[in-house]
Every structure is written in C-alpha cells, then in structure tokens.
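**Q** Quick one, fold the following:
(one chain, ligands or ions: 2)
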Amino acid sequence: MRYRAVLFDLDGTLVDSIPDIAQAVNHMLEEMGHPTLSPQKISTFLGKGMDHLIWLALNELTDAPAPAPEDYQKGRELFAKHYDLQLQQPSSTLFDGVKEGLDAFQAAGCQLAIVTNKPIEFVPALIQHVGIDHYFTCLVGGNTCEEKKPHPMPFLYACEKLGVTPAEALVIGDSSNDSIAAREAGIDVLIVPYGYNEGESVQNLDCDGIVSNISEAAQWAAQPKGH
Ligand SMILES: O=C(O)COP(=O)(O)O
Ligand SMILES: [Mg+2]
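**A** Ligands and ions are numbered 1, 2, ... in the order given. Okay, here's the model as predicted:
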C-alpha cells in the first residue's frame with residue numbers, strides 16, 4: 001500500500017445521506033410555510049456544509065437575492081432540530097463497496113479518518129447507524145477547524161492528528177470541494193462518481209483517478225504509482 005492514512009469524505013462518498021437530509025430540509029421548509037423540494041434538487045445543494053445548504057434551499061424559493069437574516073437563522077435552527085431527530089432513526093445507507101474497501105485499507109495497515117463538511121455533532125450517530133464507526137481514529141467536521149473544504153485546512157489537520165505527512169495520505173471524495181482541498185494540501189486524491197458534486201459531472205475534476213467505488217480505490221492504492 002502506497003499510503004499510511006486515508007482521509008474519507010462522508011456525504012456522497014461513504015454514505016448516501018440524502019434521505020435524511022432531504023427530510024430535514026423539507027420539515028424546515030414546511031415549518032417556515034414554504035413548499036418542499038425534491039431530494040434530487042436538495043442533493044445539488046450539498047457539499048459546502050450545512051449553512052450553505054440552508055442558504056441555497058431558502059434562496060430557491062424566493063426571488064430575493066438572499067434570504068433575510070432572521071429567516072436564515074430560523075432555517076438553521078429548524079434544520080438542526082429536524083436533522084437531529086432524523087438521525088435517531090436514520091434512513092441513510094452505505095454505498096456499495098464501502099465496507100469491503102474500508103476492510104482492505106485497514107488490513108493493509110492504513111489509518112482511516114473522516115473529513116466532512118457536515119457539522120461534527122451529527123457525524124457519530126450517522127456512522128454508527130451504518131456500522132462503520134469502528135474503522136476511524138479521527139473525525140473532522142465542517143466546524144472542527146476555522147476553515148472548511150475546499151480550504152486545505154481540514155485535511156492538513158487530519159494528517160497532523162494521525163501523525164502522517166500529506167505525501168503519506170490519500171483523500172477519497174465525491175466533489176470539487178474534496179479535489180481542490182486535497183490538491184492545495186498536496187495530498188493525492190481519488191474521486192467516486194456516484195456522489196453529489198453540486199449537480200456537476202466529476203469528469204473534469206483535478207484528481208489522480210476516478211474509481212467506481214471504495215473497494216476499487218483500495219485496489220488502486222495497492223498498486224505502484226503510475227499503474
Ligand atoms: O455537509 C456537506 O455539505 C457535505 O458533506 P461532505 O463533506 O461529507 O460531502
Ligand atoms: Mg461529499
């Protein structure tokens with residue numbers, strides 16, 4: 001294995017988290033007297049953290065250039081309340097190949113971390129529900145560091161926590177937020193094509209490869225560079 005640590009994005013890479021996020025967004029919208037949005041539409045708002053998601057969802061429903069500050073604040077409180085409730089009985093699921101891939105990386109002696117833009121308080125319940133919490137020795141959320149992806153800080157913070165250099169780490173993600181942050185941090189990056197890249201194709205992202213799932217990522221990482 002070419003790497004000592006693997007830093008995983010969460011939403012859209014390990015977990016199909018849209019079912020619970022869409023429910024929470026739509027409960028928020030309903031309580032604020034707005035019509036609901038399709039899960040497909042909501043999935044295009046994901047990637048830059050909870051505040052951005054709420055901003056885009058509220059913005060979608062009005063002609064105003066931005067939600068009023070009090071509506072935005074109310075939206076943030078309601079989303080957090082409903083997402084927390086949702087995570088008590090979640091519907092989110094693991095993508096195919098995740099467990100096999102995590103097992104392969106772990107068997108090869110890699111340390112595993114999650115680096116997500118999701119606020120850290122929601123992460124433990126979600127990864128416990130899908131049965132992958134025991135794999136990770138480091139969890140970094142969107143509010144753990146001063147900056148979020150696409151800033152490199154969260155990935156560099158995870159490397160420091162795990163005691164590895166950026167050259168010894170690999171990032172696996174689903175969006176430009178992951179590829180840009182990884183490149184800026186000097187960390188190799190693989191992209192999966194089944195996640196949420198803010199509604200855009202992943203084909204043009206600056207990365208070291210596009211792999212069909214995490215299991216294939218582990219095979220890729222086991223080969224010498226240049227294969
Ligand atoms: O919270 C988001 O917007 C996306 O989370 P992610 O970084 O795990 O994809
Ligand atoms: Mg993601």
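
**Q** anything in the helix ranked longest in the chain near ligand 1?
**A** If you go by DSSP state H, the chain has its longest helix at helix 69-86. No. Figure legend: helix 69-86 not in contact with ligand 1 (CB under 6 Å from any ligand atom); closest approach 10.5 Å. Heads up, the C-betas are built off the backbone N, CA and C, glycines and all.

**Q** For the following helix or strand past that helix, what is the distance to the chain centroid?
**A** Next in sequence after helix 69-86, counting helices and strands by DSSP states H and E, comes strand 93-94. Taking the mean of its C-alpha atoms, strand 93-94 sits 13 Å from the chain's own mean (CA atoms, centre = their mean, to the nearest Å).

**Q** and Phe45, what is it in contact with?
**A** Counting by CB atoms under 8 Å, 6 or more residues apart in numbering, Phe45 touches 25, 52-53, 56-57, 60, 198.

**Q** Which residue comes closest to it once chain neighbours are left out?
**A** Leu56 (4.1 Å; CB to CB, 6 or more residues apart in numbering).

**Q** can you confirm the one you found is in a helix?
**A** Yes. Counting by DSSP: H, G, I helix; E, B strand; the rest coil, Leu56 is part of a helix.

**Q** Please tell me how far it sits from ligand 2.
**A** 15 Å (CB to the ion, to the nearest Å).

**Q** Tyr135: what's it in contact with?
**A** Taking CB under 8 Å, 6+ apart, we find Tyr135 in contact with 102, 106, 112.

**Q** Apply the buried test to those and list what passes.
**A** Listed as buried from these are 102, 112; burial here means 16 or more other CB atoms under 10 Å.

**Q** that older thread, can I have the longest helix of the chain written out in PDB, keeping just the CAs?
**A** Only the C-alpha atoms of helix 69-86 are listed here, as PDB (Å, rounded to 0.1, in the frame of the first residue of the first chain):
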ATOM      1  CA  PRO A  69     -31.100  37.200   8.100                       C
ATOM      2  CA  GLU A  70     -33.900  36.200  10.500                       C
ATOM      3  CA  ASP A  71     -35.200  33.600   8.100                       C
ATOM      4  CA  TYR A  72     -31.700  32.200   7.600                       C
ATOM      5  CA  GLN A  73     -31.200  32.000  11.300                       C
ATOM      6  CA  LYS A  74     -34.600  30.300  11.800                       C
ATOM      7  CA  GLY A  75     -33.800  27.900   9.000                       C
ATOM      8  CA  ARG A  76     -30.500  26.900  10.600                       C
ATOM      9  CA  GLU A  77     -32.200  26.200  13.900                       C
ATOM     10  CA  LEU A  78     -35.100  24.200  12.300                       C
ATOM     11  CA  PHE A  79     -32.800  22.200  10.100                       C
ATOM     12  CA  ALA A  80     -30.500  21.300  13.100                       C
ATOM     13  CA  LYS A  81     -33.600  20.200  15.100                       C
ATOM     14  CA  HIS A  82     -35.000  18.100  12.400                       C
ATOM     15  CA  TYR A  83     -31.800  16.500  11.300                       C
ATOM     16  CA  ASP A  84     -31.000  15.600  14.900                       C
ATOM     17  CA  LEU A  85     -34.500  13.900  15.100                       C
ATOM     18  CA  GLN A  86     -33.900  12.200  11.800                       C
END
